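S.K.: The following block contains a protein sequence and its predicted model.
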Amino acid sequence: MKHAPPAPPELGTRDGLSYALFRPEGDPPAGVVIVHGADSAKESHFDFARNLRAAGLVALAYDVRGHGRSAGEFGPTAFGDVLSMCDFVREHAPAVAIRGSSMGGWQAIHAAALDSSVAAVVALCPAQEERLVRLLRSPDEAYEMRVDRALAERWIADQDIFDAVTKLGPQTALLLLHAQGDERIPYTVSKELHATAREPKRLVIVPGGHHRSLQHDLEIQDLSRRFVLEAVGRKAQ
C-alpha cells in the first residue's frame, strides 16, 4: 500500500535563523517552538513537528546558531533567539510553548524564565551548566557546532538553570522527561529541577534508554503534545 508523503514545511530565515514552519489547516489553539541539542539540527525533530501539525498545532523547528543553516555562532544570543522564534509562532497561533532536548532543554527553561507568557516548557534530558562547560573544554568531545568556546564558556558559567526554573511564570507548566539510562546527563538533574520548580509541573523518568532515546519515542511525543494542550487550556481559563 502506498502512502502519500507528508506535506513539507515552509522553509525560511528570520533574524538569521533558519526555520521550518509546520502549519495545520484551520485555527490552531497553540504553537510549539522546538529547540534541538548540541551538534544537531532542526531536521532531527521533524517527526515531532509533524505529530504536532497532525493534531492541529503549529510547530516551528529551527537551527540554533552555530548549527545547520543559521548564521552566527552559538553563544549569548541563544535565549533571545528562542524568544524570537516564540514571537514568530505567535503570528500564527494565540499561545506558544517550547520543547527542547538536552542543550535545547537548557535553553527552553532559561528562555521561558524571561517570558512569563510561555504556556508550557517540555524539557527532554535537559543539560545543566556544568555539563555544557565540560563539553566546551573537553578535547574528546567531537562536536562541530560553530562557537567561540572561551566566550560561550564564560556566558554559560554565569547561568544557573536551577535558579531559572524558579522564575518560570506562575502559569507556565513544566514537563521534565528523562531516560534513566542517560549516559550523558544524569536523570537526577531532572529530579532536582522538578523539586525546585513551582507548580504546575510534572516529572517522568523512563526506565532504561539513553540520551536521545526519548526524542523520537511516539508515546513521549504524544504525552508532550497533550501536556501542552492542557497547559494552554488552563492558561485560557
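M.R.: Yep, it's here.

S.K.: contacting residues around the residue nearest the centre of the chain?
M.R.: The centroid of the chain falls nearest to residue 100 when counting by CA atoms, centre = their mean (1.5 Å). Going by CB atoms under 8 Å, 6 or more residues apart in numbering, residue 100 touches 34-37, 106-109, 121-124, 126. Where you see a C-beta, it was placed from the backbone N, CA and C, and this is true even at glycine.

S.K.: can you map out the strands along this structure?
M.R.: In the chain, the strands defined using DSSP state E lie at 10-14, 17-22, 31-35, 58-62, 96-101, 120-124, 173-179, 201-206.

S.K.: just checking, what packs against the last one?
M.R.: With contacts defined as 3 or more CB pairs under 8 Å, 6 or more residues apart in numbering; DSSP states H and E, the secondary structure elements packing on strand 201-206 are strand 173-179, helix 188-196, helix 218-236.

S.K.: Tell me what angle the first one forms with helix 218-236.
M.R.: An angle of 170 degrees separates the directions of strand 173-179 and helix 218-236 when computed by axes from the mean of the first three to the mean of the last three CA atoms, to 10 degrees.

S.K.: Pull out the buried residues from strand 173-179.
M.R.: Residues of strand 173-179 classed as buried by neighbour count (16 or more other CB atoms under 10 Å): 173, 174, 175, 176, 177, 178, 179.

S.K.: One more: stretch 106-120?
M.R.: In stretch 106-120, counting by 16+ other CB under 10 Å, buried: 106, 107, 108, 109, 110, 111, 112, 113, 115, 118, 119, 120.

S.K.: now those in a markdown table, with distance to residue 130 and pLDDT?
M.R.: Shown next, in a markdown table, are the buried residues of stretch 106-120 (distance: CB to CB, whole Å; pLDDT from 0 to 100):
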| residue | distance to residue 130 | pLDDT |
| --- | --- | --- |
| 106 | 11 | 98 |
| 107 | 16 | 98 |
| 108 | 18 | 98 |
| 109 | 15 | 98 |
| 110 | 15 | 98 |
| 111 | 20 | 98 |
| 112 | 21 | 98 |
| 113 | 18 | 98 |
| 115 | 25 | 98 |
| 118 | 25 | 98 |
| 119 | 29 | 98 |
| 120 | 26 | 98 |
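
S.K.: Tell me where the model's unsure across the protein.
M.R.: Along the chain, the parts satisfying pLDDT under 70 run over 1-3, 139-142, 235-237.

S.K.: Give the full set of residues in contact with the closest residue to residue 157 other than its chain neighbours.
M.R.: Once flanking residues are discounted, residue 157 sits nearest to residue 133: 5.8 Å by CB to CB, 6 or more residues apart in numbering. Neighbouring residues of residue 133 by CB under 8 Å, 6+ apart: 153, 156, 157.

S.K.: Give me the neighbour count for the first one.
M.R.: A count of neighbours around residue 153, defined by other CB atoms under 10 Å, yields 19.

S.K.: Which strand residues bridge the closest residue to residue 204 other than its chain neighbours?
M.R.: Among residues not flanking residue 204 along the chain, residue 177 sits closest, at 5.1 Å (CB to CB, 6+ apart). Residue 177 has these beta-bridge partners by DSSP bridges: residue 124, residue 204.

S.K.: returning to that earlier point: of the strands of the chain, which is nearest residue 78?
M.R.: strand 31-35 (8.9 Å; CB to CB).

S.K.: would you put the C-alpha positions of that closest one in PDB?
M.R.: Only the C-alpha atoms of strand 31-35 are listed here, as PDB (Å, rounded to 0.1, in the frame of the first residue of the first chain):
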ATOM      1  CA  GLY A  31       2.200  26.500  18.600                       C
ATOM      2  CA  VAL A  32       5.400  24.900  19.800                       C
ATOM      3  CA  VAL A  33       8.900  26.100  19.300                       C
ATOM      4  CA  ILE A  34      11.300  23.100  19.000                       C
ATOM      5  CA  VAL A  35      14.900  23.600  20.200                       C
END
